[in-house]
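Participant: based on what follows, work out the 3D shape:
(one chain, ligands or ions: 1)
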Amino acid sequence: MVKFCPECGGELKMDPSTKNYLCKSCGLFTSIEKIEELRDRSTHDDIDKKRRMHDDYLDWWQSSKKEKQKH
Ligand SMILES: [Zn+2]
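Facilitator: The predicted structure follows:
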């Protein structure tokens, strides 16, 4: 089962010798207990905030693209 990083959502790779997880994206190195803890702490507000930020970025990207086409 693939686990995902609670910090950045990146793919986690398990280190068999320590039973800890290493994030391929941000380099987070933590135990499964800590991952569950971080996941429990993150609320729906955080998810909404991240989604909104992503939408804002898409809007900006699309409008800047349109801007370039105009000139
Ligand atoms: Zn990460």
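Participant: so what's the model's average confidence on the host helix or strand of residue 61?
Facilitator: Using DSSP states H and E, residue 61 sits within helix 44-70. Regarding helix 44-70, the rounded mean pLDDT is 75.
Participant: next: stretch 9-28.
Facilitator: pLDDT averaged over stretch 9-28 gives 94.
Participant: near the ion, which residues of this structure? Just list them.
Facilitator: With Cβ under 5 Å from the ion as the criterion, the chain meets the ion at residues 5, 7-8, 10, 23, 25-26, 28. (Glycine included, C-beta is placed from N, CA and C.)
Participant: and of those, the nearest to residue 59?
Facilitator: Nearest to residue 59 among those, counting by Cβ to Cβ, is residue 8 at 22.1 Å.
Participant: let me know the secondary structure of the closest one.
Facilitator: Secondary structure for residue 8, judged by DSSP: H, G, I helix; E, B strand; the rest coil, is coil.
Participant: what's around the residue nearest to residue 10 when sequence neighbours are not counted, how many residues?
Facilitator: Using Cβ to Cβ, 6 or more residues apart in numbering and skipping residues adjacent in sequence, the residue nearest residue 10 is residue 25, 2.7 Å away. Counted with other Cβ atoms under 10 Å, residues neighbouring residue 25 total 13.
Participant: which PyMOL command selects the buried ones in the residues of the chain next to the ion?
Facilitator: Per 16 or more other Cβ atoms under 10 Å, the buried members of the residues of the chain next to the ion correspond to this PyMOL selection:
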select buried, resi 5+10+23+28
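Participant: contacting residues for residue 62?
Facilitator: By Cβ atoms under 8 Å, 6 or more residues apart in numbering, no residues touch residue 62.
Participant: give me the distance between it and residue 5.
Facilitator: 28 Å (Cβ to Cβ, to the nearest Å).
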